[in-house]
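A.B. asks: Would you be able to build a 3D model of this:
(chains A and B)
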Amino acid sequence: MFARVVFVMLAFGASAVCFGQAVPRTPTGKPDLQGIWRVQSRAAYDLRSHVARHDMPAGQSVIEGDEIPYQPWAAEQQRKNFASRATEDPLNSCYMPGVPRIMYLEFPFQIFQTKDHVAITFEWSQIYRLIYTNGQPTMHEGIESWMGNSRGHWEGDVLVVQVTDHNDRTWLDAAGDFHSDQLKVTERYALRDANTIDYEVTIEDPKVFTRPWKISMPLHRQTDVTRLLEYQCQAEKEEQSGAFEPDTRTWYPAAPPAGNVAFNPRASARLPKPTVTGEIARLPDGKPDISGWYEPDAGGANYGLETRAQNFLTPASRGIVVDPKNGKLPYQRWARAEAIERALPYRGYDDPTAHCFIGGVPRSQYVPAPLHILQPPGYVVMLFERMSWRQIPLTPRPPLPDHVRLWQGDSAGRWDGDTLVVESRNFNGKAWLNEVGDVITHAQTVVETFTPVAPDRILYRATVTDPIAYTRPWTVEVPLNKKNDELLEVACHEDNGDLTHLKEIRDDYRATHKEQ
Amino acid sequence: MGHKKIAVAFAALLTAGAAAAHHSFSAEFDPEKPLKLTGKVTEMKWSNPHAWIYLDVTGTDGKVQNWACETNGANGLIRRGWRKEDLPAGTTLVVDGWQARNGSPTVNVGTVTFQDGKRLFAGSSNPTVPQQN
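C.D. replies: Here you go, the predicted model:
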């Protein structure tokens, strides 16, 4: 019986109810906040009690005393913000909402806990927060960012998080409530019962307010969803406006072109087992501990998966294709032609990452930017500095319907000995494999392996099966090197100085190459 | 300007990894338009994946034009020890790079050098320029 209860607790993590205890707890006795959460309050629209407007449902105050203690100039500024909110609200530009606003948007988020961190992954634009709870001092101090720098600690059963280093470009709600770069946010997360967190925030900003003030609201566990999906705010916006154009050859549900040769799924080579040197760190359950900050050694893979020489401003590529043995991608004819076309200047605009959209899989793993791997119970979570995440459940979830297609796909993981094996499907086919335009379509499925080969190194391999763009499966291999560092924020779209220029080049080309 | 910090930056820079571009620079900049600019910093935008240094450059006609100089992202600079205070407005810099295809005063930075000849940071997205001082 006991074994069975333990099994249920392990299998269902945070949803397990501990007998005789008010709230679920982690093995170390901390309240277990893990799971998918969302507010029901209308704080996202206006923190104050407010009546309904066309763009705003009515809501009751979440502010202690229902008053924001603005300095007189700031109260005037807030009124101006409110009047111009349709154009001036940074969220309407898909800019990162900052803390605390991200916590009470009407999008779900998932909390993960490890011995060193609390991580929060948000459905909204796949942004995340990595909150250090182990007392480790900040490595990069005083770096202003949209989401700020979060450090946490437990005060009894309450998780207290201090957020500093905010920029002055976010709002607190859609009603124009605002702050300066002097903002200090203190959050308190108290688990009231298995399905409710009492969330309280103290807001201090001597430039804007006359005194500290507080908001509070419950966060509710989302018991009717199996996972977070994606809301890529800027990508959705640009698709709707036509600024980001669909590609009917790669996007779901494109059919294979008539000229394709038959796909040979059995052509894959058996790759040698990675050689392990040194002692691999292990978790209490005996599985490899692969957590930490990593930098991919991808040798220019973001500029070409095949070996290529340097070309003006495009760096050389070492070549990371290990199967086929010749290092060449086994393209279908149309896809090779498309890849060559995409390398032309006028197609630079079409690379989704030039728009700051997320990289997809496997590209997220080899772009020249670090990632942080976490191993909370039941998951492997990867946080990418270029602001996106992947969460890989280690227990099966019901599959997504075929038509639910995602940038990062839908992943499932398992340990095969000391190798983490991740299978992903349900891709949307919008991503490129790199800047020079190597092609991938929605038909892709990916099997990745993460093998710790040294105390400070993971050997990463990804085998891609995509019968629309390729004639056989292919595999890339990239070492991920562990270092002692912390992720910083990449607010790409918020400061994208290139896209207008790339669009001009594209538009000029179109104007001079008009179809007859 | 902390010279210690510069030394740290130089040391780090020798081992600097691949350029951290997020789109094809060869799409945006023109190999036929290499140039060298000397000017005063008006502003630096510590952004990602690319940062921007704005320079007031006096032309041969005596007119001042503000150039936007694109470099690697701020995070790379931060990890090499650079902070906003290290590049105040008014600092004179020499920038080598390539001009934008559209002819606007925009340049992709190869190297940035201080007046005394010290190299600032080889935060270059340009692989043709050696990444050391």
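
A.B. asks: tally of neighbours for the closest residue to A:Ser268 other than its chain neighbours?
C.D. replies: In space, and not counting its chain neighbours, A:Ser268 is closest to A:Pro473: 4.8 Å by Cβ to Cβ, 6 or more residues apart in numbering or on different chains. In this view, the C-beta of every residue, glycine as well, is placed from N, C-alpha and C. Residues lying near A:Pro473 (other Cβ atoms under 10 Å in any protein chain shown) number 23.

A.B. asks: Now the phi/psi pair for A:Pro473, please.
C.D. replies: phi -70, psi 160 (degrees, to the nearest 10).

A.B. asks: what residues are up against it?
C.D. replies: A:Pro473 sits next to A:Pro265, A:Ala267, A:Ser268, A:Asp323, A:Thr463, A:Val464, A:Thr465 when contact means Cβ atoms under 8 Å, 6 or more residues apart in numbering or on different chains.

A.B. asks: how far away is the last one from chain B?
C.D. replies: Spelled out, it's A:Thr465. 27 Å (Cβ to the nearest Cβ, to the nearest Å).

A.B. asks: Would you agree A:Ala443 falls within a strand?
C.D. replies: No - using DSSP: H, G, I helix; E, B strand; the rest coil, the assignment for A:Ala443 is coil, not a strand.

A.B. asks: so how far is the lengthiest strand in chain B off the chain centroid?
C.D. replies: In chain B, with assignment by DSSP state E, the single longest strand is strand B:29-45. In terms of Cα atoms, centre = their mean, to the nearest Å, the centre of strand B:29-45 is set 7 Å apart from its chain centre.

A.B. asks: measure the residue nearest to A:Ser268 to chain B for me?
C.D. replies: 26 Å.

A.B. asks: before we move on, the earlier item: pLDDT on the very next helix or strand once past the longest strand of chain B, on average?
C.D. replies: Scanning forward in sequence from strand B:29-45 by DSSP states H and E, the next helix or strand is strand B:50-58. Computed over strand B:50-58, the mean pLDDT rounds to 94.

A.B. asks: now the strands for chain B?
C.D. replies: B:29-45, B:50-58, B:64-72, B:92-100, B:106-114.

A.B. asks: Could you provide those strands in a markdown table, with additional columns for distance to A:Ala337?
C.D. replies: Below are the strands of chain B laid out as a markdown table (distance: least, Cβ to Cβ, whole Å):
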| stretch | distance to A:Ala337 |
| --- | --- |
| strand B:29-45 | 24 |
| strand B:50-58 | 30 |
| strand B:64-72 | 31 |
| strand B:92-100 | 28 |
| strand B:106-114 | 28 |
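
A.B. asks: before we move on, back to that, and the contacts of A:Pro473, which of them are buried?
C.D. replies: By neighbour count, with 16 or more other Cβ atoms under 10 Å in any protein chain shown, the contacts of A:Pro473 hold A:Asp323, A:Thr463, A:Val464, A:Thr465 as buried.

A.B. asks: Which residues are in contact with the nearest residue to A:Gly98 once chain neighbours are set aside?
C.D. replies: Take A:Gly98 and drop its neighbours on the chain: the residue closest to it by Cβ to Cβ, 6+ apart is A:Thr170, 3.1 Å away. Contact analysis of A:Thr170 by Cβ under 8 Å, 6+ apart lists A:Pro90, A:Tyr95, A:Met96, A:Pro97, A:Gly98, A:Arg101, A:Trp146, A:Phe178, A:His179.

A.B. asks: ok, and the most crowded of these?
C.D. replies: In terms of neighbour count, A:Pro97 stands highest of the contacts of A:Thr170 at 27 neighbours, by other Cβ under 10 Å.

A.B. asks: for that residue, what are its contacts?
C.D. replies: For A:Pro97, the contact set (Cβ under 8 Å, 6+ apart) comprises A:Pro90, A:Leu91, A:Leu105, A:Trp124, A:Trp146, A:Thr170, A:Trp171.

A.B. asks: The fourth one: neighbour count?
C.D. replies: Using other Cβ under 10 Å, A:Trp124 has 20 neighbouring residues.

A.B. asks: helix/strand/coil for the residue nearest to it when sequence neighbours are not counted?
C.D. replies: Spatial nearest neighbour of A:Trp124, chain neighbours left out: A:Phe107 (4.2 Å); criterion: Cβ to Cβ, 6+ apart. Recorded secondary structure, A:Phe107: coil (three-state DSSP).

A.B. asks: I'm done for today, thanks for sticking with me.
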